[in-house]
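> Return atomic coordinates for the entry below.
(one chain, ligands or ions: 1)
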Amino acid sequence: MKLVLFDLGKTLEDGDVLLPGARETLEAIHALRDRDGDGPAALLGLVSDFDMPAEPSDVPKIQQRYHRLLDHLGIRSFFEPVAERVTLSTEVGVFKPDEAVFRTAVTKAGPALNFSDVLFVTENRGHVLAARRLGMAAVHVRGPGQIDGEVDTLTDLVPVVEAFVSGDGERSESVVVVAPSGAAGSAAAAGLTWTVLGDVLVLSGSPAGVQQFVDATGAAPLRRWAVPPHHLHLVTQIGRLFQETHPEVPVIVDKGRYLVVALEPGAGALRDRSGGGCHAVRPLPADAVVFDQRAAAGRHGGGPAVIDRRRAEDLSRAAFEADLAALVGFRTRHSTGTGFLAAVEWVRTALAGHGYATQVQTLPVGAGTTRNLIADRPGGGDERGVVIVTAHLDSVNSRGGPAADAPGADDNASGAAGVLAIGRALAPHTSRHDLRLVLFGGEEQGLFGSRHYVAGLSAGERDRIRAVVNMDMIAGRNTATRTVLLEGAAVSQHVIEALAASAEAHTSLVVQTSLDPFNSDHVPFLDQGIPAVLTIEGADGANVRVHTELDTPESCDVDLALEILRMNVGFVAQVLDAP
Ligand SMILES: [Zn+2]
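All right, here's what the predicted structure looks like:
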């Protein structure tokens, strides 16, 4: 037997009025039959925070007041006998989400019931998380005034309850192990579904399959989760923006930019919404690599013939720090504001001073406009291609309006200062192909600058592009060992390999790679089949300061940025002179 426990206030009713769909939902759940078809599939219960008694003798009076409310709403019959199926904080002496309240509710409904037999339904995200921590299933249903929920309406809840009571996938478990990605072969042999995230493998399947894998590989499971594989989802996020918006969702693997989370099967609303570009949620890819991690080679650790080491060394820490400070000094570089315009002019002057021919594109962003700054240095060969180095110049404070302080040091003064550094390092050298530097506006509003730029390219111009290297957040230290993530798509796999080779030749960076591009200025290029790669700080943790006034130079790791720049300069210099 299962128990479906409802919260009352704001979940089923608001201001003594039933919410839309409440009665129909209770009726539909009440009508669900067990496997033999003769008994109910689930008991219905209520667990509510209600008035606390002044004295113990007040409890019955307060309970009767609550029962009268159920009469008034016309839903009391679903919860009879109320002495067993209705539990109030009044009688327990503490409020939800205290374990005692849930414990009392479950014990009263049936002495044989365990928390794992219970599905708790509420509009309160904090209570959802608490219930899941106790081992209950729980669903966040969108309440009055809330913009989303794991299920959007009460009626959407019915299939979730149906799946829960029918025990779908109960005999599955998921295991997280630290293992080389090569161990995926053993997982497949054991009949398990596998997903690689850097140095961990997420495995799902039968407990026997998991045991077979553990026996074969000697891997020690880090975590075990009794969730069916179809509950597992992959989140890609900027900073910690998914976790800040959805603290109720249990995180199984935390790799910063990437999370594996468990969602109830009805959580379509979470899955389908893009999260305003701050996060994306999709089913966990099965038998797939989300990102791979390569060992660090050690500085100048050999690898292929050294790629123009001189230029890679030609990066000045002092100049980078000065550029970072100058960009943050505009207070905000919000795409449509005057600080952004001033930053564009400042960068334009700097690059013109190094001999680059500059031009500005103006483009709409909502009701305002923003700009892209383009700086060119032609090569000297015939049949020239072009290498493009990009970053977004704009910043945003997502907690404040356009005028709020948005230093955007890591996101993305670091990348913009990186473009300047690469421009400076390569300025004195002649090359065969053209070098183009582009600083985009409107990235934070949805890649406006890069989409506009790519849309304006002719077929001939697109074909001339040998590689695009995008930098977005290169100075946030999220990992024990300094790490870069190279993110592209199949069309840019060769660029990823060449960047990784440059990292090996010029840096001590650990290299992570991913073919799962997400929400930065490399994406519009990839969408057009242009070989672009994002170079970004590694993904084992995440910078919690991005998009706030706290994203300042003090929290940046300049050594990480300089390592990523050495890799990028080495690569760009090589491609500029390639036949
Ligand atoms: Zn950014």
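
> Next up, the contacts around the residue in the stretch 101-250 of the chain that the ion sits nearest to.
Here the stretch 101-250 of the chain gets closest to the ion at one residue, residue 238, 6.9 Å apart by Cβ to the ion. Glycine gets a C-beta too; all of them are placed from N, C-alpha and C. Residue 238 is in contact with 257, 277-279, 411, 519, 546-547, counting by Cβ atoms under 8 Å, 6 or more residues apart in numbering.

> Pick out whichever of these sits closest to the ion.
Using Cβ to the ion, the contacts of residue 238 come closest to the ion at residue 411, 4.1 Å.

> So residue 390, which state does it fall into?
strand (DSSP: H, G, I helix; E, B strand; the rest coil).

> Of the contacts of residue 238, which is the most crowded?
residue 411 (31 neighbours; other Cβ atoms under 10 Å).

> isn't residue 418 right next to residue 562, touching?
No - using Cβ atoms under 8 Å, residue 418 makes no contact with residue 562, being 9.3 Å away.

> For the chain, give the helix that spans the most residues.
helix 558-577 (DSSP state H).

> any idea of the mean pLDDT for it?
In this model, helix 558-577 has a mean pLDDT of 95.

> distance between that helix and the chain's centre?
Relative to the chain's own centre, helix 558-577 is displaced by 27 Å; criterion: Cα atoms, centre = their mean, to the nearest Å.

> for stretch 522-530, same thing?
Remark: stretch 522-530 is offset 21 Å from the chain centroid, using Cα atoms, centre = their mean.

> Whether that stretch contacts the ion - can you check?
No - using Cβ under 5 Å from the ion, stretch 522-530 stays clear of the ion, with a minimum separation of 11.2 Å.

> Kindly export that stretch (C-alpha atoms) in CSV.
Below are the C-alpha coordinates for stretch 522-530, written out as CSV (Å, rounded to 0.1, in the frame of the first residue of the first chain):
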residue,chain,number,x,y,z
HIS,A,522,30.5,29.8,-29.6
VAL,A,523,27.0,28.4,-30.1
PRO,A,524,25.9,30.6,-33.0
PHE,A,525,29.1,29.7,-34.9
LEU,A,526,28.5,26.0,-34.2
ASP,A,527,24.9,26.3,-35.3
GLN,A,528,26.3,27.4,-38.7
GLY,A,529,28.8,24.5,-38.9
ILE,A,530,31.8,26.8,-38.1
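
> Report the buried residues of it.
For stretch 522-530, burial by neighbour count (16 or more other Cβ atoms under 10 Å) applies to 522-526, 530.

> follow-up on the earlier one: more neighbours, residue 418 and residue 562?
residue 418 (30 against 21).

> didn't residue 524 look like it was pressed against residue 454?
Yes - with contacts counted by Cβ under 8 Å, residue 524 reaches residue 454, the gap being 4.2 Å.

> Who does residue 118 form a beta bridge with?
Beta-bridge partners of residue 118, counted by DSSP bridges, are residue 3.

> quick revisit: now could you export just the CA positions of the longest helix of the chain as PDB?
Extracted in PDB, the C-alpha atoms of helix 558-577 (Å, rounded to 0.1, in the frame of the first residue of the first chain):
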ATOM      1  CA  VAL A 558      44.900  35.300 -12.700                       C
ATOM      2  CA  ASP A 559      47.300  32.300 -12.900                       C
ATOM      3  CA  LEU A 560      44.500  30.200 -14.300                       C
ATOM      4  CA  ALA A 561      43.600  32.900 -16.900                       C
ATOM      5  CA  LEU A 562      47.200  33.200 -17.900                       C
ATOM      6  CA  GLU A 563      47.500  29.400 -18.400                       C
ATOM      7  CA  ILE A 564      44.400  29.400 -20.500                       C
ATOM      8  CA  LEU A 565      45.800  32.300 -22.500                       C
ATOM      9  CA  ARG A 566      49.100  30.500 -23.100                       C
ATOM     10  CA  MET A 567      47.100  27.600 -24.500                       C
ATOM     11  CA  ASN A 568      45.000  29.900 -26.700                       C
ATOM     12  CA  VAL A 569      48.000  32.000 -28.000                       C
ATOM     13  CA  GLY A 570      49.900  28.800 -28.800                       C
ATOM     14  CA  PHE A 571      47.000  27.400 -30.800                       C
ATOM     15  CA  VAL A 572      46.100  30.700 -32.600                       C
ATOM     16  CA  ALA A 573      49.700  31.400 -33.600                       C
ATOM     17  CA  GLN A 574      49.900  27.900 -35.000                       C
ATOM     18  CA  VAL A 575      46.700  28.100 -37.000                       C
ATOM     19  CA  LEU A 576      47.600  31.600 -38.300                       C
ATOM     20  CA  ASP A 577      50.700  30.100 -40.000                       C
END
